[in-house]
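S.K.: Quick one, structure for this:
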Amino acid sequence: MISSEAVEALKEEIWRRAREKADRILSEAKNEAERILRNAKAEADNFVKNKLEPEKLIIRRRIIGKAMMDGRRLLILTKNDLINEVFSRAIEKLKRFRESEGYERFLVKCLKEAVEAMNPSDGDEFIVYVDKRDLDLLKKRVGEIFKHSLKFKFKEGNFMGGVVVMDSDGKRIFYNTIESRLESLRPLLREKIASILFGEVKESGEDR
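M.R.: As a prediction, the model looks like this:
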C-alpha cells in the first residue's frame, strides 16, 4: 500500500482542505439560514395576527421549523460537492506521488499484495493490468518479487497507478490501484465532513 507517511500526509491534506471549505460553506449556510429564519418569522407573525393564541403558536412553529429544515437541506446539498472537490485535489496530489521515489516501492508492493491475496501455487498464471508507464518496470521486477514459479501476462490498465490482478480464468480479481485505495478513504471523509458541517449546525441550533 502507499507508505504510511504518504497516507498520513494525504489524510492531513484532505482534512485541511475539507475544513477550510466546510468553514466557508458553513458560514455561508448560516447566513442563508438566518435570512430564511428572519423571513419565516416575519411571515409567521404576519400570518397569525388574527389567529387565536394556541393556533398562532402551532402555525409559527410550523413555518419556522420548515425554515430550519431548508437551512439544513442547504448543507446536505453541498456535502457531496465538497467531498468530490476534496477528492479531486487529492487525486492531483497523488499524480505527483507517481513521480516520487516512493512510487516504485508502492507499485511492487501493490503487485505482491494482490498476488499473495490469491494464495498462489507453483505454475499459476495471472493477468496483471497496469498503467502503460509502469509496464516495463514491473516486467523487469516480477522475477525478483515472487518465490513461486508463477506466470504473468501484463496488459495496459486505464488507471492512475498500482495494479489490478486477475487469475487466468477470470474468476478472481484484486484491485490494488491508487484509485481504489483513495476510494477506501471516502466513507471516512464523508463522516468527517458530516461531523464538521452538521455537528456545528446542531450546536448552533441548540444555542437558539
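S.K.: Under a three-state scheme, what state does N176 occupy?
M.R.: strand (DSSP: H, G, I helix; E, B strand; the rest coil).
S.K.: So it sits against C110, correct?
M.R.: Yes. Using Cβ atoms under 8 Å, N176 is in contact with C110, at 4.3 Å. For the C-beta atoms, the positions are set from N, CA and C on the backbone; glycine is no exception.
S.K.: the domain parsing of this protein - what is it?
M.R.: Split into domains by automatic domain parsing, the chain comes to 4-97+185-207, 102-171.
S.K.: Can you pick out the residue with more neighbours from N176 and C110?
M.R.: Between N176 and C110, counting by other Cβ atoms under 10 Å, C110 is the more crowded of the two (28 against 21).
S.K.: sorry, back to before: are there residues contacting both of N176 and C110? Which ones?
M.R.: G162, V163 (Cβ atoms under 8 Å, 6 or more residues apart in numbering).
S.K.: ok, now which ones touch K151?
M.R.: With Cβ under 8 Å, 6+ apart, K151 has these contacts: G123, D124, E125, F126.
S.K.: what is the rounded mean pLDDT of stretch 110-127?
M.R.: For stretch 110-127, the mean pLDDT works out to 91.
S.K.: So what would you say the end-to-end distance of it is?
M.R.: End-to-end distance for stretch 110-127, by Cα to Cα, to the nearest Å: 14 Å.
S.K.: Would you state the helices of the protein in chain order?
M.R.: Using DSSP state H, the helices of the chain run over 4-47, 53-97, 102-116, 135-145, 178-183, 186-207.
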